[in-house]
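A.B. asks: What follows is a protein structure lacking sequence information:
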């Protein structure tokens, strides 16, 4: 053992390596009873409301188990309110995001890109990498790389590029939004039972008043939760694709 590594640090690292081999459904059930099993979870989304609608239930589950959870919004949704200037829309949607995160009991940050004008270049890869280096996450959720929305694609690509560059590696899971309309050709490897978290997720999403939350659910999210629940054998579930995961879906706990 390296003399600079304490016995406690060694066992913590060993425990997290063991946890990383578990299916996501099992990780979401893991209590952070001590520092050896406490996980740092980051969820990256293109705009305010994407993380909430895609995996709000799962984020709630991790938070309730005592893990550190943070949402990173790529933009503040500057282009998301018709009739409002970019600054006005950003202010409104920032407040909505803050309210949603309070309900989910998670922290939040904004990377600083502009809604509708996101970029994947060396500058922003460096910024995303620096963010992840500072946070040192164990698990990172991000958007599906072939979503129809370019900002979703940017969020996904920047996350993956950061994952290749950070010293501390993290496991990436992709989430879906508006299946068939925005997220395409999504074949889950993992499911998380959100039957008990479904209402908390709904309340968080409904904080995004400017985005017509009723319409967001109507575009398929409620049906998605039910359908993924049927696939997993529970009332409601969220589905994920694990980067470098197995081809067959993990069993749910």
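C.D. replies: That came in fine, so what should we check first? Since we're looking at a predicted model, the values are computed, not measured. Residues are numbered from 1 along each chain as shown.
A.B. asks: list the buried ones in the lengthiest helix in the chain?
C.D. replies: In the chain, with assignment by DSSP state H, the single longest helix is helix 86-104. Along helix 86-104, the positions that meet the burial threshold by neighbour count (16 or more other C-beta atoms under 10 Å) are 86, 89-90, 92-94, 96-97, 99-101, 103-104. To be clear about C-beta, it is placed using only N, CA and C from the backbone, and glycine gets the same treatment.
A.B. asks: next one: stretch 22-40
C.D. replies: Within stretch 22-40, the residues that qualify as buried are 23-28, 30, 36-40, counting by 16+ other C-beta under 10 Å.
A.B. asks: wouldn't residue 108 be in contact with residue 71 here?
C.D. replies: Yes: because the distance of 4.7 Å satisfies C-beta atoms under 8 Å, residue 108 is recorded as touching residue 71.
A.B. asks: tell me, what's touching the two both at once?
C.D. replies: Residues touching both residue 108 and residue 71 (C-beta atoms under 8 Å, 6 or more residues apart in numbering) are 97, 101.
A.B. asks: who has more neighbours, those two?
C.D. replies: Applying other C-beta atoms under 10 Å to residue 108 and residue 71 shows that residue 71 carries more neighbours, namely 26 against 19.
A.B. asks: Where do the strands of the stretch 101-250 of the chain begin and end?
C.D. replies: For the stretch 101-250 of the chain, strands defined by DSSP state E, counting those that start in this stretch occupy the ranges 107-113, 139-143, 171-175, 190-193, 237-242.
A.B. asks: Just put those in CSV and tack on mean pLDDT and distance to residue 128.
C.D. replies: Conversion of these to CSV gives the following (pLDDT from 0 to 100; distance: least, C-beta to C-beta, whole Å):
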stretch, mean pLDDT, distance to residue 128
strand 107-113, 97, 7
strand 139-143, 97, 10
strand 171-175, 96, 12
strand 190-193, 96, 23
strand 237-242, 95, 20
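A.B. asks: Can you add distance to residue 80 and give the ones you listed back as JSON lines?
C.D. replies: Formatted as JSON lines, the strands of the stretch 101-250 of the chain follow (distance: least, C-beta to C-beta, whole Å):
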{"stretch": "strand 107-113", "distance to residue 80": "13"}
{"stretch": "strand 139-143", "distance to residue 80": "16"}
{"stretch": "strand 171-175", "distance to residue 80": "19"}
{"stretch": "strand 190-193", "distance to residue 80": "27"}
{"stretch": "strand 237-242", "distance to residue 80": "23"}
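A.B. asks: Once you drop chain neighbours, what's closest to residue 127?
C.D. replies: On the basis of C-beta to C-beta, 6 or more residues apart in numbering, the spatially nearest residue to residue 127 that is not a chain neighbour turns out to be residue 111, at 6.4 Å.
A.B. asks: wait, the one you found sits on residue 71?
C.D. replies: No: shown here, residue 111 and residue 71 do not form a contact pair, counting by C-beta under 8 Å, at 11.0 Å.
A.B. asks: And the residue nearest the centre of the chain, how close does it get to residue 85?
C.D. replies: The C-alpha lying nearest the average C-alpha coordinate of the chain belongs to residue 43 (C-alpha atoms, centre = their mean; 2.9 Å). Between residue 43 and residue 85 the distance, using C-beta to C-beta, to the nearest Å, works out to 28 Å.
A.B. asks: ok, now residue 234?
C.D. replies: Between residue 234 and residue 85 the computed distance is 44 Å (C-beta to C-beta).
A.B. asks: okay, the two: which has more neighbours?
C.D. replies: A direct count of neighbours by other C-beta under 10 Å for residue 234 and residue 85 places residue 234 higher, at 17 against 10.
A.B. asks: Number of residues surrounding the residue nearest to the more buried one when sequence neighbours are not counted?
C.D. replies: Spatially, and ignoring its direct neighbours in sequence, residue 234 is nearest to residue 193 (4.4 Å; C-beta to C-beta, 6+ apart). The local packing of residue 193 (other C-beta under 10 Å) involves 24 other residues.
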